[in-house]
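Visitor: predicted coordinates and the sequence they were generated for:
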Amino acid sequence: MGEGRRHHRVPRCKRCGQPAVIFMRQHRLALCETHYQEWFVNYTQRTIEKYHMFRPEHRILVAVSGGKDSLALWDVLTQLGYKADGLYIGLGIDEGTRYSELSLEAIRGFMAERPGLRLNIVDMKESYGETIPELARRTRRGRGKPCSVCGLSKRHIMNEVALREGYDVLATGHNLDDEAAVLFQNTLHWQTGYLARQSPVLEATHPGLVRKVKPFCRFYEREVAAYAIVRGIEYQYDECPFSVGATTIYYKELLNRLERQSPGSKFQFYTQFLNAKKKGLITFHEPEGEVVLRPCRICGQPTTAGEICAFCRMWVRPDMDPEEAKKVVPTLKLRVETS
Ligand code: Q46
Ligand code: ZN
Ligand code: ZN
């Protein structure tokens, strides 16, 4: 290859001709730092509109973990002028890594540079008397890993805070890599119920459930990371110590290999699935009669698990009478910090 040709291959920003910081093959688009930021924010708005996620009058609760995805999402929604507050759940995960402590530090650092933000905080130990690893050990759920207790608790708390505080929608920072990995896993196992529900918007199918949206679902993880870096967001780089060996990581690696061989395939896989579903070219159904939602007798949140939801069952024993059962489930305490 001659010198001239190699020079020609240096990617240039499509808008201004300056050297590009990113090239996105699926959009055939190279952009410089300034125009990438602009494009990223506008593309998020296009995703919000495409899937009818929310409008400017809605109150949005953003689930923030301190990682790049959730902080970048909070940053973008604020820039777009949406009324977006944060929710941080202090899981109490340390395991020698200070994971939870560093996560909250990252969020506070982020807020310090952006006056006017409001963060709702629920600390597991403070509200429920136990951290996530302690709760998992006591209830013996999840074969030595606290992830099932953690996922269950996060879902319950996010829903409770959103409804109690009157938010219209809960927004999470799931990106394309997350969504494609879940889609891949569900397709391999033909989990038709999950495939029916996998969507950038989860409607509230019951008055006790909040609507959920994923405005970053069409961004590759590396695109979100690039945005966080060019915006100077100091996020928590370390993953939760319990994420090592998670099955979704395995599916992400498989998809990354596919992506290396055939760039753009992750984007195609996910967006074509959504398009085909929207056009009615493929349809999936929940297994009939299996998903009946009833309010939990203790907390009132809808559950498929019978009379008492899985969250409340971490405290309630089967031999307890209803009055006693109501008393043993701790109540959520919410703190608010503003910047
Ligand atoms: S579930 Fe498991 Fe995550 Fe909870 S314990 Fe950590 S890895 S944070 S998404
Ligand atoms: Zn440019
Ligand atoms: Zn309950």
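Guide: Cool, got the structure. Residues are numbered from 1 along each chain as shown. Ligands and ions are numbered 1, 2, ... in the order given.
Visitor: who are the contact partners of the closest residue to Thr97 other than its chain neighbours?
Guide: Closest residue in space to Thr97, ignoring its immediate chain neighbours: Pro241 at 5.1 Å, by CB to CB, 6 or more residues apart in numbering. No exception for glycine: its C-beta is placed from N, CA and C like everyone else's. Taking CB atoms under 8 Å, 6 or more residues apart in numbering, we find Pro241 in contact with 93, 95-97, 99.
Visitor: now a ChimeraX select for only the buried ones of those residues.
Guide: Buried residues among the contacts of Pro241 (16 or more other CB atoms under 10 Å), as a ChimeraX selection:
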select :93,99
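Visitor: could you restrict the contacts of Pro241 to the ones contacting ligand 1?
Guide: Among those, no residue lies close to ligand 1 (CB under 6 Å from any ligand atom).
Visitor: kindly indicate which of the contacts of Pro241 lies nearest Ala30.
Guide: Tyr99 (36.0 Å; CB to CB).
Visitor: so which of the contacts of Pro241 are in helices?
Guide: When helices are assigned by DSSP state H, the members of those inside them are Tyr99.
Visitor: now do the contacts for Cys13.
Guide: Cys13 is in contact with 19-20, 30-32, 35, counting by CB under 8 Å, 6+ apart.
Visitor: and the two most separated of these?
Guide: When the contacts of Cys13 are compared pair by pair using CB to CB, the farthest-apart members prove to be Pro19 and His35, with a separation of 11.5 Å.
Visitor: comparing the two, which residue is more hemmed in?
Guide: His35 (19 against 11; other CB atoms under 10 Å).
Visitor: check which helix or strand covers the more buried one.
Guide: Counting by DSSP states H and E, the element that carries His35 is helix 33-50.
Visitor: and ligand 2, is that helix touching that?
Guide: Yes - contact between helix 33-50 and ligand 2, assessed by CB under 5 Å from the ion, occurs at His35.
Visitor: nearest residue to whichever residue of the stretch 201-339 of the chain sits closest to ligand 2 in space, please, no chain neighbours.
Guide: Using CB to the ion, the point where the stretch 201-339 of the chain gets nearest to ligand 2 is Val230, with a distance of 11.8 Å. Spatially, and ignoring its direct neighbours in sequence, Val230 is nearest to Glu33 (5.1 Å; CB to CB, 6+ apart).
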